[in-house]
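Student: Coordinates only, no sequence provided:
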């Protein structure tokens with residue numbers, strides 16, 4: 001029987017609670033009688049999620065579950081999903097400010113930049129942010145304590161180990177295409193970083209940047225024409241359009257090593273991925289400490305999920321005639337839907 005990775009098992013259940021329309025918000029209470037926070041205090045948390053795809057959905061659900069477990073019905077959520085449109089994040093965040101939320105969860109880079117531009121007073125926690133220095137255009141890309149009203153969690157996986165996975169899967173490949181959205185600063189950061197690792201291994205790397213979903217298929221085809229294997233980072237546009245990518249790469253016979261599990265499930269053959277639900281849980285635990293006054297957001301360091309899973313997509317491997325190396329097959333879980 002096929003094994004499925006944890007985030008996929010969670011996705012179906014969580015989809016019912018998330019908004020799907022760009023720029024719209026919904027209000028929900030926890031509906032749970034978990035442990036209570038300090039006294040009879042109640043809290044309203046605004047959640048701005050850039051797009052509805054597996055990784056971000058899992059992070060949001062993990063965040064909500066952690067808060068509900070700790071605070072029970074003392075916490076209510078106002079949720080907005082930007083539908084993949086960065087401009088909608090500003091509208092959603094402005095709504096949170098007018099409603100006087102106590103804390104904002106910014107899920108993905110565009111949500112974080114919108115929140116950071118809108119308020120310097122309300123605590124902001126980011127999640128599914130690869131690098132805060134890049135996202136916020138800071139002088140340093142070394143994520144520690146940011147100060148001010150922003151902290152959160154990072155979804156940066158070890159890019160050197162992802163490069164090693166590519167080498168283990170495709171040791172005889174020569175040309176690696178790096179496919180990403182040029183409008184996502186953290187995607188640029190990832191491909192620039194992993195390119196160095198891959199070139200040190202002897203691969204010839206070429207970057208293929210698409211601007212949005214409108215040129216995604218054509219740029220993917222160009223990448224296929226010039227590549228033996230493609231790498232896609234934790235890119236939100238790619239994650240939200242894996243079917244478009246899969247239609248091109250599978251027809252062209254070019255495998256994809258993915259930066260995270262959702263992309264691997266949709267169009268990839270393998271990945272080394274963090275657990276986005278766990279990342280959301282960590283972020284939620286940070287939120288509890290801020291809301292109850294246990295810690296100050298200005299003193300909280302960026303946190304990471306250190307749980308890594310090696311995953312492979314058996315269906316896509318079979319479609320491409322790829323035999324998964326025995327050592328990978330023995331140590332990895334299958335991520336096919």
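Tutor: Sure thing, it's come through. Just so it is clear, the structure is predicted and the values come from calculations on it, not from any experiment. Numbering: from 1, shown residues only.
Student: I'd like to check what contacts stretch 142-150. Which residues are they?
Tutor: Where contact means CB atoms under 8 Å, 6 or more residues apart in numbering, the residues beyond stretch 142-150 that reach it are 112, 116, 119-126, 131-133, 136, 138, 151, 154, 297-302. Placement of C-beta: from N, CA and C, glycine included.
Student: Could you rerun that using 10 Å?
Tutor: Contact with stretch 142-150 is made by 103-104, 106, 112, 115-116, 119-126, 129-136, 138, 140, 151-154, 156, 290, 296-304, as judged by CB atoms under 10 Å, 6 or more residues apart in numbering.
Student: Give the buried residues for it.
Tutor: By neighbour count on 16 or more other CB atoms under 10 Å, the buried set for stretch 142-150 is 143, 146, 149-150.
Student: And the next helix or strand past the longest helix anywhere in the chain?
Tutor: The helix spanning the most residues in the chain, taking DSSP state H as the definition, is helix 54-71. Next in sequence after helix 54-71, counting helices and strands by DSSP states H and E, comes strand 75-81.
Student: related to what we said a few turns ago, nearest to residue 46, out of the buried residues of stretch 142-150: which one, please.
Tutor: Distances from these to residue 46 were compared by CB to CB; the smallest belongs to residue 149, at 13.5 Å.
Student: distance of that closest one from residue 260?
Tutor: Distance, residue 149 to residue 260, using CB to CB, to the nearest Å: 28 Å.
Student: again with residue 151
Tutor: Residue 151 sits at a distance of 22 Å from residue 260 (criterion: CB to CB).
Student: Buried among the contacts of stretch 142-150? Make that a PyMOL selection.
Tutor: The following PyMOL command selects only the buried members of these, with burial defined by 16+ other CB under 10 Å:
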select buried, resi 103+104+106+112+115+116+119+122+123+124+125+126+129+130+131+132+133+134+135+136+151+152+153+154+156+290+297+300+302+303
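Student: secondary structure element for the residue sitting nearest the centre point of the chain?
Tutor: Most central residue of the chain, judged by C-alpha distance to the mean C-alpha position with CA atoms, centre = their mean, is residue 128 at 4.1 Å. With elements taken from DSSP H and E, the one containing residue 128 is strand 124-129.
Student: just the angle between that strand and helix 54-71, please?
Tutor: 140 degrees (axes from the mean of the first three to the mean of the last three CA atoms, to 10 degrees).
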